Structure formats: C-alpha cells, structure tokens
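> Next comes the sequence, and after it the predicted model I'd like to discuss.
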Amino acid sequence: MSGPVYLHQLRPTVAVEKELEWFFNRAESDMGLRSNFLASLGRHGPGPQVPSPEDGVEAAHRWRHVRGWLAAIEATHAGVLRCAYELRDWPVALWDAYGRLTGIVVRLSCAHDVARGLAEERRAQAILETDHAAWLAAECHRAALDPAFARLRRDAQARLARAGAAYTRVRGNVLPLAGRRTR
C-alpha cells in the first residue's frame, strides 16, 4: 500500500474540473462553425476578435483527448461526471443545497422510476429529472432532518469521488489541455 488517502486527493484538480466543465458545456461551441457576421462589423463589432480556424482545430484536438479519457473509464463513471459537470437549469434551492452534486442527487432520486422503465430515452429522462429536481427543491428544508437526503448526498459524493479518481487515473499527469483562448 502506498499510504493513507486524504480527502483532498479524492477531489479532481482545478485543471481537471475546468477541463470537464469545458468538455460538457463549451467544447461544441469552441469547435463549431461560426457566423462571419461579427467579422464583417470590423472595428465596430461588440467584442474581441473572432476565433481563428486554428482555435477550432485546437478545440477539436482537446475534445478528442478528453473524449478518449472518458471512453477509457467505466460508462457509469463517465455518466456521473456528465451529471456533475453538465450545466442544467436546476432550482436555486437545490443548487444551494447540493452544488456540484445536484445533477447526481437528482439522477439518484430518479433511479427507481428509471428502473421501472419510465425513462428509456434521453428526452424522457430530462423530463423526469426536471420533475424530481422540483420536488427535491421543495423538500430541501427537510434535508437537515431527513436521513434519506443525507444518504443521497453521501452516495452522490462517493460516486463523484470514484468517477473523478477513475478519470484522473486514466488521464495521468498530463498538463492541462488549455487552449490559447481562455474563457
């Protein structure tokens, strides 16, 4: 054995967190075709320079690496990471109560309905999660008193720790795949 595992070692590094947030939320935009409208405005345009084609290629390269690392871990771990890092419009009370764990907690609360086959496709799953998120947000005031909420949090924390550790293990000690353009 290599010694004790400390709590801070179970959390992904800041670079890994930024990488996963980018992958699940902004990668497609960074790689995609963009309108040339802003470029046509020239100096009268509203913001910074339009990204170059090289920026799109670099984003595609970064996306391919992250996708490969996610494919190398168990599908359940990749799903947990998607739940944790993909931005969704969660109720504020729920996000305040669970933070990064919100998506995982909602998915866990839906597990019974999914096991019965009520959410077989992605769209049905999203509707089911929205309904459960609203119910959980309404019940957040009970979270401190109800052991079921404590179990949801503990299970979500454990799943995120295992998924993050699996991803970090596969990823290795690669330098952050930051692009030239930081956002």
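Great, that's in hand.
> Only C-alpha atoms from now on, for both contacts and neighbour counts.
Fine.
> Tell me the secondary structure at L145.
Look at L145: counting by DSSP: H, G, I helix; E, B strand; the rest coil, its state is coil.
> Could you report the neighbour count for it?
Using other CA atoms under 10 Å, the number of residues around L145 comes to 10.
> in the protein, which spans are helices?
With DSSP state H as the criterion, the chain has helices at 7-10, 14-25, 27-31, 37-41, 53-72, 75-85, 92-98, 102-115, 122-138, 147-171.
> Identify the residues contacting G79.
For G79, no residue meets the contact criterion (CA atoms under 8 Å, 6 or more residues apart in numbering).
> roughly how far apart are it and R159?
10 Å (CA to CA, to the nearest Å).
> try V170
Noted for V170: a distance of 17 Å to R159, by CA to CA.
> coming back round to it: okay if I get the helices of the chain as a markdown table plus mean pLDDT?
Shown next, in a markdown table, are the helices of the chain (pLDDT from 0 to 100):
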| stretch | mean pLDDT |
| --- | --- |
| helix 7-10 | 56 |
| helix 14-25 | 92 |
| helix 27-31 | 85 |
| helix 37-41 | 69 |
| helix 53-72 | 92 |
| helix 75-85 | 95 |
| helix 92-98 | 90 |
| helix 102-115 | 81 |
| helix 122-138 | 84 |
| helix 147-171 | 90 |
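> Count the residues that sit near A27.
A27 has 18 neighbours, counted by other CA under 10 Å.
> For L101, grab the count of nearby residues.
Applying other CA under 10 Å, we find 25 residues neighbouring L101.
> So it is in contact with A156, correct?
Yes. Applying CA atoms under 8 Å as the test, L101 and A156 come out as touching, 6.2 Å apart.
> Touching both of the two, which residues are there?
Common neighbours of L101 and A156, counting by CA under 8 Å, 6+ apart, are absent.
> Between V170 and R159, which is the more surrounded one?
R159 (18 against 15).
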